[in-house]
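Novice: Test case, fold it:
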Amino acid sequence: MSKLVVTGGHRLRGRVRAGGRKNSAVAILPATLLADGPSIIENLPDIRDVAVYCDILRALGARVTVERRNNGSEGLRATVDPSGLKRESPPEPLVNSMRASSYLIGVLLARHGRADVPFPGGCDIGSRPIDQHVKGLTALGAGVKIEHGVVTAEASRLTGAPVYLDVVSVGATINIMLAAIFAEGTTVIENAAKEPHVVDLANYLNAAGGNVKGAGTDIIKVTGVRRLNGVTHSVIPDEIEAATYMIAAAATGGDLIVENVIPKHLESVSAKLAETGATVDENGDYIRVLGNGRPRPVTLKTLPYPGFPTDAQQQMTTLLTVATGTSLVTETIFEGRFKHVNELKRMGAQILVEGRTAMVEGVDHLTGAAVNATDLRAGAALVVAGLLAEGESEISGVHHIERGYERPVEKLVSIGAVLRRTE
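Specialist: Residues are numbered from 1 along each chain as shown. Next up is the predicted model:
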C-alpha cells in the first residue's frame, strides 16, 4: 500500500505553481464530445481524475492524445477528437471512480438523444444526490430513470425551459448547461451555481460556438445552437490546490509565493488566513503568504462561491488545531466533511464535532502518527498536519490525494518539505 512519509517542522519557502483547475478539467473534457471537430485543452492538471476521464473518452470512441508541457511543470495538453464517438455506455469501473462522470449524462443526451451512464462515484463526503440533475433534464423534455445502478436519460427532442434549482448545485448547473446546448429555444437556470469552473465551462462552450450568458451569476441562459466547433481552450488555475499551499505555508511559519492563480477566486481563503494572523499579499497572478507564529482562532462557515469553499475547509481546520484559542468550523455543504477529525486526534488535536459544527480547541503542537486519508481533501489536510507536526507521520490512502493534486511530493519537496512516497 502506498504511503506518504512526512517529517514535520520544516518551513515552506520559495515558489510553487498551482496547476489547472481540477473541477474545470472534468467538466470541459466531456464537453469536447459535443464538438464536431478536435478540441485542444491546455493547462490540464496532471492528476488521476484527468487520466481517468481521458480513458473514459477513449472508451466512448474519441481519440485522445495527451502531452506534458515543459516536462510537466506547465501541466498537460490534451487533444480530443470526438469523430469516432460511439453510442455506448461508459465503463462502469471508471465512472464509479469520480463524481464528475455524471456530466456524461448531459453530454450524451445532447449528442445522441440518449445516455446510459452508471451511477457516478467519487469521494464519500456525504449525501450527493442527483435529483436536481434529473429535475433539469426532465424540464428539457427528457425521460430519466435510475435502474440497476444505471442512469438512463432519453429524449427525441430537447426543448429549452425554465429550471429553478431547489438548492445551489454545481453538478446540476453544469449538467443542465451541457444538455441544453443543442436544445430548441432558451433554457434559463435560476439559483445556478456561480463557481469559477462554471464560468470556465461556459467560456469553452461559447468559444466553440455556443450561446451561454450569465455564467458567474445565479441566472444562466443557454440558447440552443445547431453545432459546436473544436477550439483551443486553457483551463483556469486551481484555487483549491493554491489554497492548500497557502494554508500549509501559514501552518509551517513559511514564506511562500503561489504562482499561476487568480487572486479573486481566493478572496475568502485569503481573508480567513489574514484573520488568523498570516500575512497575505496579492500581486497579479501570484499570492505570497507568510506565517507569523501560532494562528489566532477564527469562526469559519463554508458556503457556495464566493463564500469559503468546502474543499478548503479540512485544510483550514488542520491549521486551527494549533491556534491560540478555540475555533468554530461549520460545514454547510457536505455533512461527511469531518472524517479527517479522528485522524487529527491521533496526532493530538482536540476537536469536538456536533452535527455540522466542529469546535477546535488549539493545542501547542501536533505529533506525528500513522493516519489514513479517507477522501481527497482529507488527504490534503493530513499532509498539512504532517508538515506542522513534530516528528514523522505516515499517511495512507495516497490514491485519494493523487486524484486532485499534481505531483504533490515533487512540488512540496521543491519548497522545503521533507516527505517521500513509499510503496
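
Novice: Look at stretch 278-298 and report the distance between its end residues.
Specialist: Taking Cα to Cα, to the nearest Å, stretch 278-298 runs 12 Å from one end to the other.

Novice: Quick one: mean pLDDT over that stretch.
Specialist: Stretch 278-298 shows an average pLDDT of 97 in the prediction.

Novice: so residue 322, which of the three states?
Specialist: Here residue 322 is recorded as coil under DSSP: H, G, I helix; E, B strand; the rest coil.

Novice: pLDDT weak spots in this structure?
Specialist: Along the chain, the model assigns pLDDT under 70 to residues 121-128.

Novice: domains for it, by residue range?
Specialist: The record's domain split for the chain, according to automatic domain parsing, is 3-18+237-422, 22-234.

Novice: Kindly reformat those as TSV containing mean neighbour count.
Specialist: All C-beta spots, glycine's among them, are computed from the backbone N, C-alpha and C. Below are the domains of the chain laid out as TSV (neighbours: other Cβ atoms under 10 Å):
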stretch	mean neighbour count
domain 3-18+237-422	20
domain 22-234	20
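
Novice: Quick one: residues contacting the residue of the chain most remote from its centre.
Specialist: Taking Cα atoms, centre = their mean, the residue of the chain most remote from its mean C-alpha position is residue 156, at 33.3 Å. By Cβ atoms under 8 Å, 6 or more residues apart in numbering, the contact set of residue 156 is residue 113.

Novice: Quickly find the element holding the closest residue to residue 172 other than its chain neighbours.
Specialist: Leaving aside its chain neighbours, residue 172 sits nearest to residue 132 (3.7 Å; criterion: Cβ to Cβ, 6 or more residues apart in numbering). According to DSSP states H and E, residue 132 maps onto helix 131-139.

Novice: Kindly report the same for residue 329.
Specialist: Here residue 329 is assigned to strand 326-330, by DSSP H and E.

Novice: Does anything pack onto the helix or strand following that strand? Which helices or strands?
Specialist: Remark: after strand 326-330, the chain's next helix or strand is helix 341-346, criterion DSSP H and E. In terms of contact count using 3 or more Cβ pairs under 8 Å, 6 or more residues apart in numbering; DSSP states H and E, helix 341-346 is assigned the packing partners helix 313-320, strand 350-354, strand 370-372, helix 376-388.

Novice: end to end, how far does stretch 290-299 reach?
Specialist: Termini of stretch 290-299 sit 21 Å apart (Cα to Cα).

Novice: How about residue 151, nearest residue that isn't a chain neighbour?
Specialist: Computed as Cβ to Cβ, 6+ apart, the closest residue to residue 151 that is not its neighbour in sequence is residue 117, at 5.1 Å.

Novice: Give me the distance between the one you found and residue 315.
Specialist: Distance from residue 117 to residue 315, counting by Cβ to Cβ, to the nearest Å: 31 Å.

Novice: in the stretch 101-250 of the chain, which spans are strands?
Specialist: Ranges of strands in the stretch 101-250 of the chain, per DSSP state E, counting those that start in this stretch, are 114-118, 143-147, 150-154, 162-164, 186-190, 212-213, 219-223, 232-234.

Novice: what's the span of stretch 182-201 from first residue to last?
Specialist: Start and end residues of stretch 182-201 are separated by 15 Å (Cα to Cα).

Novice: Which strand residues bridge the closest residue to residue 326 other than its chain neighbours?
Specialist: In space, residue 326 comes closest to residue 361 once its chain neighbours are excluded; the distance is 4.9 Å by Cβ to Cβ, 6+ apart. Under the criterion DSSP bridges, residue 361 forms beta bridges with residue 326, residue 350.
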